[in-house]
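1. my questions concern the predicted model and sequence given below.
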Amino acid sequence: MLSLICMNAWICCNGLCLNAGNSEAILLGTRQHLRTFPSVSSVNIASSPVTVSDRITFTTLGVIIDKHFTSDPHVSAICKKSLFSIFEP
């Protein structure tokens with residue numbers, strides 16, 4: 001909880017504004033660690049609900065990260081794009 005308060009303070013101090021509609025949160029950890037953590041569907045930052053996702057796509061970086069911090073969804077997306085471009089007429 002403290003890290004969310006610190007993050008909001010940093011956002012405000014740097015003249016930024018959180019757009020809850022375009023923001024996502026992710027809980028990172030090992031499978032064993034995440035099993036012990038209670039299920040969370042959203043977190044509040046500055047009274048704005050931000051949804052918690054299993055994976056997040058960083059479009060500016062072109063990277064997909066899942067909650068276990070593996071590259072599986074990123075590799076799958078690249079393979080899908082590659083196959084589509086190969087078999088595209």
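-> Good, I have the coordinates. Numbering: from 1, shown residues only.
2. any idea what the residue nearest the centre of the chain is bridged to?
-> If you average the C-alpha coordinates of the chain and look for the closest C-alpha using C-alpha atoms, centre = their mean, you land on residue 56, 3.4 Å from that point. With beta bridges defined as DSSP bridges, residue 56 has these partners: residue 65.
3. which ones are touching it?
-> 24, 26, 64-65 (C-beta atoms under 8 Å, 6 or more residues apart in numbering). For every residue, glycine as well, the C-beta is placed using N, CA and C.
4. include distance to residue 83, neighbour count and pLDDT when you put the residues you listed into a markdown table, please.
-> Output for these, formatted as a markdown table (distance: C-beta to C-beta, whole Å; neighbours: other C-beta atoms under 10 Å; pLDDT from 0 to 100):
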| residue | distance to residue 83 | neighbour count | pLDDT |
| --- | --- | --- | --- |
| 24 | 27 | 13 | 83 |
| 26 | 27 | 15 | 85 |
| 64 | 17 | 18 | 81 |
| 65 | 22 | 18 | 80 |
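5. with distance to residue 40 added, can I get those in TSV?
-> Converted to TSV, the contacts of residue 56 look like this (distance: C-beta to C-beta, whole Å):
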residue	distance to residue 40
24	13
26	10
64	21
65	17
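6. distance of the residue nearest to the centre of the chain from residue 15?
-> 24 Å (C-beta to C-beta, to the nearest Å).
7. now this structure, which segments are flagged as low pLDDT?
-> Segments of the chain classed as low confidence (criterion: pLDDT under 70) are 1-2, 88-89.
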